[in-house]
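Asker: When you get a sec, could you give me coordinates for this:
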Amino acid sequence: MVYRHAMNKLRLGVPKGSLQESTIRLFGKAGYKITVSSRSYMPAINDEEIECLMFRAQEIARYVERGVLDCGLTGKDWIMENAADVMEVEDLIYSKATSQAYRWVLAVPENSEIRTVGDLEGKRIATELVNATKRFLERHGVSAEVEYSWGATEIKAPQLVDAIVEGTETGASLRAHNLRIVDTVCESTTKLVANRGAWADPWKQEKIQVLSMLLKGALEAESKVGLKMNAPRANLEEITQLLPALHAPTISNQTDCEWVAIEVVIDEEVVRDIIPRLRKAGAQGIIEYPLNKVIY
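Answerer: Residues are numbered from 1 along each chain as shown. Presented below is the predicted three-dimensional model:
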């Protein structure tokens with residue numbers, strides 16, 4: 001048993017705002033129950049070795065770099081925007097609504113004459129992602145004015161600016177505002193990041209690594225299910241050939257030597273097609289069940 005001093009605490013940054021709900025749900029699947037009070041920026045968590053602090057995702061990388069937080073979850077976009085010197089421990093591909101990478105795109109009104117990045121020379125752009133946008137323009141050799149947008153960015157073109165750089169998952173909101181995507185400035189996924197000093201501390205590093213493993217396992221489990229069934233031993237080869245398992249299926253003997261029990265973990269999207277084929281091949285008592293974590 002590894003001895004843990006009673007004073008050891010890991011200060012964890014939880015993103016407030018658009019990522020809040022999906023982050024708390026992911027932590028719940030990983031075994032960490034986070035309870036948020038509307039009047040507090042210090043959520044409760046069912047791990048006495050972790051102290052949660054809640055900040056906007058835009059701020060977390062900066063606070064991790066400074067050591068205010070030992071680790072936290074934020075987007076790759078905000079690490080770039082703040083040029084934060086942090087350890088990127090794990091890539092967690094989830095966002096507020098989907099499991100897709102979040103994109104920051106350059107968009108203009110549908111009737112705009114701007115067709116390429118080069119057409120932005122001398123133009124004005126509004127965005128929350130000011131520094132990353134400036135670096136993007138520099139890489140393309142374009143000189144344009146980039147102003148910070150405090151919100152409602154999508155309605156600012158063309159009345160106030162020529163173009164915007166805005167984050168999107170599906171592009172639906174941009175289309176609804178009659179905006180056309182010209183280019184992608186950057187892609188972003190949620191990152192578990194750590195302060196370099198905290199990472200040098202053996203206890204904190206181990207705690208962060210365990211947290212990383214469980215969060216990754218919870219995320220992996222979201223697209224998979226477990227499948228159990230009974231099968232005639234005579235049909236075993238035919239049935240197992242139908243199963244695209246994570247690894248080889250687990251096969252157990254039953255008291256009736258003519259039958260075996262089979263258990264597998266498979267992608268949820270293929271289950272509806274496989275179950276009828278399994279049944280036709282002789283499998284019985286087929287049970288599908290959800291998973292909380294899959295640890296590779």
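Asker: Could you pull up the mean pLDDT of stretch 170-182?
Answerer: When pLDDT is averaged over stretch 170-182, the result is 91.
Asker: swap in stretch 148-159?
Answerer: pLDDT averaged over stretch 148-159 gives 92.
Asker: how about the longest helix along the chain: buried residues?
Answerer: Secondary structure of the chain per DSSP state H: the longest helix is helix 202-221. By neighbour count with 16 or more other C-beta atoms under 10 Å, helix 202-221 contains the buried residues 203-205, 207-208, 211-212, 214-221. Heads up, the C-betas are built off the backbone N, CA and C, glycines and all.
Asker: now, which of those sits nearest Ile181?
Answerer: Leu219 (27.5 Å; C-beta to C-beta).
Asker: residue contacts, the closest one?
Answerer: Counting by C-beta atoms under 8 Å, 6 or more residues apart in numbering, Leu219 touches Leu26, Leu92, Ile93, Tyr94.
Asker: how does it look with 6 Å?
Answerer: Leu92 (C-beta atoms under 6 Å, 6 or more residues apart in numbering).
Asker: next one: Glu121
Answerer: Val142.
Asker: any idea how far it is from Tyr289?
Answerer: According to C-beta to C-beta, to the nearest Å, Glu121 and Tyr289 sit 58 Å apart.
Asker: Pro158 too?
Answerer: Taking C-beta to C-beta, one finds Pro158 at 53 Å from Tyr289.
Asker: Can you give me the neighbour number for Asn131?
Answerer: 13 (other C-beta atoms under 10 Å).
Asker: Ramachandran coordinates for the closest residue to it other than its chain neighbours?
Answerer: Of all residues not flanking Asn131 in the chain, Glu81 sits nearest, at 5.2 Å (C-beta to C-beta, 6 or more residues apart in numbering). The phi/psi pair for Glu81 (degrees, to the nearest 10) reads phi -60, psi -40.
Asker: The one 3 residues further on too?
Answerer: With angles defined as degrees, to the nearest 10, Ala84 sits at phi -80, psi 130.
Asker: mind listing what it touches?
Answerer: Counted by C-beta under 6 Å, 6+ apart, Ala84 has contacts Ala61, Arg62, Glu65.
Asker: Point out where the protein drops to low pLDDT.
Answerer: Along the chain, the parts satisfying pLDDT under 70 run over 1-7, 95-100, 245-247.
Asker: ok, now how distant is Gly75 from Ser143?
Answerer: Note on Gly75: its distance to Ser143, by C-beta to C-beta, is 27 Å.
Asker: Look at the two and report which has more neighbours.
Answerer: When neighbours are counted by other C-beta under 10 Å, Gly75 comes out ahead of the other of Gly75 and Ser143, with 26 against 10.
Asker: excluding its backbone neighbours, what's nearest Lys156?
Answerer: Ala126 (4.8 Å).
Asker: Which element, helix or strand, includes that neighbour?
Answerer: Using DSSP states H and E, Ala126 falls within strand 124-127.
Asker: Buried residues in the helix or strand just after that strand, which are they?
Answerer: Remark: after strand 124-127, the chain's next helix or strand is helix 130-139, criterion DSSP H and E. Going by neighbour count (16+ other C-beta under 10 Å), the buried part of helix 130-139 is Val130, Ala132, Thr133, Phe136, Leu137.
Asker: Closest one to Val225 out of those, please.
Answerer: So of these, ranked by how close each gets to Val225 (C-beta to C-beta), first place is Ala132, at 38.3 Å.
Asker: List the contacts of that closest one.
Answerer: By C-beta under 6 Å, 6+ apart, the neighbours of Ala132 are Met80, Glu81, Cys186.
Asker: who wins for most neighbours among these?
Answerer: Glu81 (23 neighbours).
Asker: Kindly tell me how buried Asp91 is, as a neighbour count.
Answerer: Residues near Asp91, counting by other C-beta under 10 Å: 13.
Asker: hang on, I meant Arg25
Answerer: 14.
Asker: For it, pull up the helix or strand it's in.
Answerer: Short version, using DSSP H and E: Arg25 is in helix 20-30.
Asker: His140 contacts Leu120, doesn't it?
Answerer: No: counting by C-beta atoms under 6 Å, Leu120 is not a contact partner of His140; they are 8.4 Å apart.
Asker: check contacts around the one residue sitting closest to the centre of the chain.
Answerer: Centroid-nearest residue in the chain, with C-alpha atoms, centre = their mean: Tyr94, separated by 2.2 Å. Taking C-beta under 6 Å, 6+ apart, we find Tyr94 in contact with Ser22, Thr190.
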